[in-house]
Every structure is written in structure tokens, then in C-alpha cells.
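Participant: Provided below for reference: sequence and predicted model.
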Amino acid sequence: MAHERIALFIDGANLYATAKSLGFDIDYKKLLKEFHSRGRLVRAFYYTALIEDQEYSSIRPLIDWLDYNGFSVVTKPTKEFVDSMGRRKVKGSMDIELAVDAMEMANHIDHMVLFSGDGDFRSLVAAVQRKGVRVSVVSTITTQPPMVADELRRQCDEFVDLLHLANKVGRESNERPPVRERRPAGNDEMLDT
């Protein structure tokens, strides 16, 4: 549907982990181009938590690039804590911010594309659907275990496996990933609660 008003909601840490598990990097310019070709792209939101006390954050240049190239970037500082085993952990969930933006946008779009496999979004998807919006979820079931929660996959109108989008939104293997698109090592330990 070329006339369809589309909004993208990208859970940055989740999409990064999903693409990494499939062995490729996202080319955000290609991702925008792909969804521009599918309808009228109203907004492309990108959500990520930032480690504020680091002198240099390797994700900062990516955030700046996205901000200047058509994405609405939503960030907040992470919280650091020590778990019961004495390990330093970083917590940075953007679920509430994404949910609030999605509910606010629901009256202005026909199709919501959620880049996340987080089962916590099931009730958001149901609420947006009740407003008459079609919802697609982009994640993967090809990994072991799957990166998408079963309840989220059942709730959405369409499930798109990121693996099937890889040739359209992935960076070519001969393209060396710029330093700016690498994530801080600490993000692998980021909790989503």
C-alpha cells in the first residue's frame, strides 16, 4: 500500500543484538530507503540508553548521524548497579518512552513497524491495533533461541524476519563498518528491565 502512513519504532539495543545474532550490521540509510519505498514514512524513531559517565561513548557518533539523517532519536541515561553476585550491571530500558510515542502517533499512522522482539510490547501492540493501526514486528525466529517472544509474534498483524530483510537493510560484507556504528562493549550486558 504505497499511500499508507508508516512509522518505525526501533528498539536500538534489541535490533543491534538481533542483527548481530544473524551476522550482519544494519545500514540505517538503506533501512530508511526501504520503508520510504513501502509508503509514506511519517516518522522513524530510534530508542537507546546512553552511558553518560563515559568520557567517550562509541554509540554517540551513530546517534548523531541518525539525528541528522531523518531519525527521531530518543535517549536517556543508563543506571548502573551491582547485582547480587557483585557484578557491575547497566540498566537502560526505553520501553515506556517507545510505548508513549507509539500511542501518541497511533492516530496519525496506518502502519506501525516495531523493531523489537521484546514480549513486554505485546500489550502495546494490542492497544495500537484497537486504534485501527496495522502492526508489523521485525525480529527473528531463525536463531536458537528465537529473538522474538512468541506472544509478541502472535499479537502482531505481520511478523517480518530480519533475516529476510538482510539483503535490503544490511551493510554489504565488503563495506567495513565505520567506527561510529559499533556499540560499547557494556551494551552486551545491558538489562532490559
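Facilitator: Done, it's in. Quick caveat, the model's predicted, so the values are computed rather than measured.
Participant: can we go C-alpha only for contacts and neighbour counts from here?
Facilitator: OK.
Participant: what residue ranges in this structure score low on pLDDT?
Facilitator: Low-confidence segments of the chain (pLDDT under 70): 1-2, 53-56, 172-193.
Participant: where do the strands sit along it?
Facilitator: Secondary structure of the chain, counting by DSSP state E: strands at 5-11, 40-50, 72-77, 79-82, 88-91, 111-115, 134-139, 158-161.
Participant: name the nearest residue to Cys77, sequence neighbours excluded.
Facilitator: Residue 77: Pro, not Cys. Residue nearest to Pro77 in three dimensions, not counting chain neighbours: Leu50, with 4.9 Å by CA to CA, 6 or more residues apart in numbering.
Participant: show me what contacts the one you found?
Facilitator: For Leu50, the contacting residues are 57, 59, 75-78, 92, by CA atoms under 8 Å, 6 or more residues apart in numbering.
Participant: adding neighbour count and distance to Phe35, write those residues out as TSV.
Facilitator: Below are the contacts of Leu50 laid out as TSV (neighbours: other CA atoms under 10 Å; distance: CA to CA, whole Å):
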residue	neighbour count	distance to Phe35
Ser57	16	29
Ile59	19	23
Thr75	16	23
Lys76	15	26
Pro77	14	29
Thr78	19	30
Gly92	21	27
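Participant: what's the closest of these to Ser136?
Facilitator: Of all these, Thr75 has the smallest distance to Ser136: 23.2 Å, by CA to CA.
Participant: right, and Ser21 touches Thr143 too?
Facilitator: Yes: counting by CA atoms under 8 Å, Thr143 is a contact partner of Ser21 at 7.1 Å.
Participant: what about these two, which has more around it?
Facilitator: More crowded of Ser21 and Thr143, by other CA atoms under 10 Å: Ser21, with 16 against 12.
Participant: mind checking how far the more buried one is from Asp83?
Facilitator: Ser21 sits 26 Å away from Asp83, taking CA to CA, to the nearest Å as the criterion.
Participant: likewise Pro61?
Facilitator: From Pro61 to Asp83 the distance is 30 Å (CA to CA).
Participant: cool, and Ala99?
Facilitator: From Ala99 to Asp83 the distance is 27 Å (CA to CA).
Participant: and the two? Which one has more around it.
Facilitator: Ala99 (18 against 10).
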